[in-house]
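Visitor: Just a sequence and a predicted model for now, questions to come.
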Amino acid sequence: MSKKLKKFKDVDHVAASLEAADYICSKTIATVVFLAQATQKPVLVEGPAGVGKTELSKAVARSLGRELIRLQCYEGLDETKALYEWEYAKQLLYTQMVKEKIDDVVAGAHNLPEAVDRIAAQEDAFFSERFIQPRPLLQAISSARPVVLLVDEVDKSDPEFEAFLLEVLSDFQVSIPELGTRTAVNIPFVFLTSNDSRDMSDALKRRCIHLYIDYPDRDLEMRIVRLKVPEIKDHLAGQLIDAIRKIRDLDLKKKPCVSETLDWAQALIALQIEDLSPEVVRDTLNVILKYQADADLVGEKLEQLINK
């Protein structure tokens, strides 16, 4: 008896399920996830680094009890690395076996053309399923059970790969020259993430539901901190989040994201800090800021950043 496939019942169920999977989301995010499930369309998630784009796909996979298959994009990624590779070591071993058995292969052949045909017939075995190493896209399409496919940082890939990806996401099928066309057994739940390092094509955006995740508002960030760092006191959490929000308003090279808010909260707990002072902020700025120029700018405005 097949196991019943988990599905989100409605938007509220999405939000509750993701929270149970340690992901606090806004109603907008929950709505997009529900509509993506209903329409079987990919979700293109854009926004600053560190706001939870990648974590969203992981939480959806945990909520639905699905395997997460991740394709990490980078400059120079091509369809071969994303789809499949041939296991050349196995093919080489098979070649040696054929050489050793060549007499058996041609035994009984009445003439040279017939012997050649028998040897040529062995070529098909070289490019069969047994020698193929599936990569993320083929894994997701070939999976016997529904999966979540994460195409992470798609903006780092080349436009040529984006065009190829467009074909895959349009029909959820891929073509392997030696084996033919492979169509998805189950349509995967697809997330593509982008940090806006370049614009995605209009064609790709048309095939996706668009979701922009920005820095959370104060209440949402407080809920995230309470969930992820439950030992922090409300007073300190409030001070921390107010300071983070003011720091983000400054003209920084890299603004602190949600993950860095959590890092800061954990650092303050480790240091047994109960009250956020300018001195504490100065001593721990390296946890949330990654450039010295940013740290210098924040250091000049410490008194304005801390609510006493």
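Guide: Looks like it came in fine.
Visitor: So, low pLDDT: which residues of the protein?
Guide: Applying pLDDT under 70 to the chain flags residues 1-3, 84-112, 114-131, 177-180, 307-308.
Visitor: Now do the helices in the stretch 1-150 of the chain.
Guide: According to DSSP state H, counting those that start in this stretch, the stretch 1-150 of the chain carries its helices in the segments 11-20, 27-39, 53-64, 79-83, 88-100, 102-106, 112-120, 123-126, 136-142.
Visitor: I'd like to know which elements the last one is packed against.
Guide: Which is helix 136-142. Packing contacts for helix 136-142, counted by 3 or more CB pairs under 8 Å, 6 or more residues apart in numbering; DSSP states H and E, involve strand 67-72, helix 79-83, strand 147-152, strand 173-176, strand 180-183. All C-beta spots, glycine's among them, are computed from the backbone N, C-alpha and C.
Visitor: cool, the third one as well?
Guide: With contacts taken as 3+ CB pairs under 8 Å, 6+ apart, helix 53-64 sits against helix 11-20, helix 27-39, strand 43-46, strand 67-72, strand 147-152, strand 189-194.
Visitor: Can you lay out the ones you listed as TSV showing mean neighbour count and distance to Leu220?
Guide: As requested, the helices and strands packed on helix 53-64 are arranged in TSV below (neighbours: other CB atoms under 10 Å; distance: least, CB to CB, whole Å):
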stretch	mean neighbour count	distance to Leu220
helix 11-20	17	11
helix 27-39	17	10
strand 43-46	24	16
strand 67-72	18	24
strand 147-152	25	23
strand 189-194	25	19
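Visitor: okay, the ones you listed in JSON lines with distance to Ile273 next?
Guide: Putting those into JSON lines (distance: least, CB to CB, whole Å) gives the following:
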{"stretch": "helix 11-20", "distance to Ile273": "27"}
{"stretch": "helix 27-39", "distance to Ile273": "31"}
{"stretch": "strand 43-46", "distance to Ile273": "34"}
{"stretch": "strand 67-72", "distance to Ile273": "35"}
{"stretch": "strand 147-152", "distance to Ile273": "34"}
{"stretch": "strand 189-194", "distance to Ile273": "33"}
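Visitor: Those: which one's closest to Glu279?
Guide: Of all those, helix 11-20 sits nearest to Glu279, with 35.7 Å by CB to CB.
Visitor: Which neighbouring elements make contact with the closest one?
Guide: Judged by 3+ CB pairs under 8 Å, 6+ apart, helix 11-20 is in contact with helix 27-39, helix 53-64.
Visitor: possible to save the ones you listed as CSV with distance to Arg70?
Guide: Below are the helices and strands packed on helix 11-20 laid out as CSV (distance: least, CB to CB, whole Å):
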stretch, distance to Arg70
helix 27-39, 17
helix 53-64, 8
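Visitor: in terms of contact, does Ala265 touch Ala237 like I think?
Guide: Yes: between Ala265 and Ala237 there is a contact at 6.8 Å, judged by CB atoms under 8 Å.
Visitor: can you list residues touching both of the two?
Guide: Residues touching both Ala265 and Ala237 (CB atoms under 8 Å, 6 or more residues apart in numbering) are 225, 229.
Visitor: quick one, which of those two is more surrounded?
Guide: Higher neighbour count among Ala265 and Ala237: Ala265, with 24 against 19, using other CB atoms under 10 Å.
Visitor: Give me the three-state assignment for that one.
Guide: Assigned with DSSP: H, G, I helix; E, B strand; the rest coil, Ala265 falls in the helix class.
Visitor: can you tell me how far it sits from Ala243?
Guide: Plainly put, Ala265 is 11 Å away from Ala243 if you go by CB to CB, to the nearest Å.
Visitor: Tell me which of the helices and strands packed on helix 53-64 lies nearest to Tyr212.
Guide: strand 43-46 (5.2 Å).
Visitor: List the residues that contact the closest residue to Arg218 other than its chain neighbours.
Guide: The shortest distance from Arg218 to any residue that is not its chain neighbour, by CB to CB, 6 or more residues apart in numbering, is 6.0 Å, and that residue is Ile241. Residues in contact with Ile241 (CB under 8 Å, 6+ apart) are 218, 221-222, 225, 261.
Visitor: Quick one: closest of the helices and strands packed on helix 53-64 to Arg135.
Guide: Minimum separation from Arg135 across the helices and strands packed on helix 53-64 (CB to CB) falls at strand 67-72, 7.6 Å.
Visitor: what packs against that closest one?
Guide: helix 53-64, helix 136-142, strand 147-152.
Visitor: and that strand, C-alpha only, in CSV?
Guide: What follows is strand 67-72, C-alpha atoms only, in CSV (Å, rounded to 0.1, in the frame of the first residue of the first chain):
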residue,chain,number,x,y,z
GLU,A,67,13.9,14.6,0.0
LEU,A,68,15.7,17.8,-0.8
ILE,A,69,17.8,17.7,-4.0
ARG,A,70,20.1,20.7,-4.3
LEU,A,71,21.8,22.1,-7.4
GLN,A,72,24.3,24.7,-6.4
